[in-house]
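Asks: coords please:
(2 chains)
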Amino acid sequence: DVKVTQSSRYLVKRTGEKVFLECVQDMDHENMFWYRQDPGLGLRLIYFSYDVKMKEKGDIPEGYSVSREKKERFSLILESASTNQTSMYLCASSPSLSQGNTEAFFGQGTRLTVV
Amino acid sequence: RKEVEQDPGPFNVPEGATVAFNCTYSNSASQSFFWYRQDCRKEPKLLMSVYSSGNEDGRFTAQLNRASQYISLLIRDSKLSDSATYLCVVRGGGRDDKIIFGKGTRLHILP
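Replies: Got it, this is the predicted structure:
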């Protein structure tokens, strides 16, 4: 089974802190994604990555950065956490589209609260 | 126009009824289509892929109309355990391989 693991289920951070959310997948997938999910707004794409050291902005990249130094790991960084970044963060991975009609697999989510 | 649009619901449906969800997408170059299911406080999980020819998995039938940029999901003989949020998902299109989710449709199956 594909496994996508996020480092924390729950996290509480203070405003202004630098926050790292880690995601690891064990299926050698090329693509990895970070979303945030908020009530009434659904899942919104923050950043995604096609390959090691490659990244693309999603729909709401402001206030975030990412790092993909190894294929299996995709990190989301909140440079200076703010209260409006309190949310559920979901990481996903998938094979590349060129490999066929393949779905994304999700981690269990990290519920981040910024106080 | 939003990239992927769904009726948010909630749909309150008696057990045993048939329920249909619809979804429209804006990027005509989109390449892959899916329905995901998300239970409360859980991550989304794949329900089924959607193919141009239409496809069925037990009580679930998915249809894709590329000309109208429209995707549907039909659930027959609904069960209490079908209560969840159903997410329409579109992948690819153009030069990138984004995976875009609709906001989801909440379904409550009533006993």
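Asks: Check the residue lying farthest from the centre of chain A and give its pLDDT.
Replies: Relative to the centre of chain A, and counting by CA atoms, centre = their mean, the farthest-placed residue is A:G100 at 22.9 Å. Note for A:G100: predicted pLDDT of 70.
Asks: Ok, B:A29 next?
Replies: pLDDT at B:A29 comes out at 87.
Asks: The nearest residue to it once chain neighbours are set aside in helix, strand or coil?
Replies: Leaving out its chain neighbours, the residue that sits closest to B:A29 by CB to CB, 6 or more residues apart in numbering or on different chains is B:G93, at 3.8 Å. Every C-beta, even on glycine, is put in place using the N, C-alpha and C of the backbone. Assigned with DSSP: H, G, I helix; E, B strand; the rest coil, B:G93 falls in the coil class.
Asks: Show me which residues of whichever strand or helix holds B:C23 are buried.
Replies: Element membership of B:C23 [criterion: DSSP states H and E] is strand B:19-25. For strand B:19-25, a neighbour-count test (16 or more other CB atoms under 10 Å in any protein chain shown) marks B:19, B:21, B:23-25 as buried.
Asks: May I have the strands that pair with it, each with its orientation?
Replies: The strands beside strand B:19-25 in its sheet (DSSP bridges) come out as strand B:4-6 (antiparallel), strand B:70-75 (antiparallel).
Asks: Please list the residues outside the shortest one that contact it.
Replies: Put plainly, it is strand B:4-6. B:21-26, B:86-90, B:100-105 (CB atoms under 8 Å, 6 or more residues apart in numbering or on different chains).
Asks: go on, the longest one?
Replies: In this structure, residues lying in contact with strand B:70-75 by CB under 8 Å, 6+ apart are B:18-25, B:33, B:35, B:47-48, B:50, B:59-65, B:82, B:86, B:88, B:90, B:107.
Asks: and it, average pLDDT?
Replies: Here the average pLDDT along strand B:70-75 is 96.
Asks: For it, list the C-alpha coordinates in CSV.
Replies: Listed in CSV are the C-alpha atoms of strand B:70-75, where the atom choice follows Å, rounded to 0.1, in the frame of the first residue of the first chain:
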residue,chain,number,x,y,z
TYR,B,70,-19.1,18.0,-16.8
ILE,B,71,-18.6,15.1,-14.4
SER,B,72,-21.2,13.2,-12.5
LEU,B,73,-21.5,10.6,-9.8
LEU,B,74,-24.6,8.5,-9.2
ILE,B,75,-25.1,6.5,-6.0
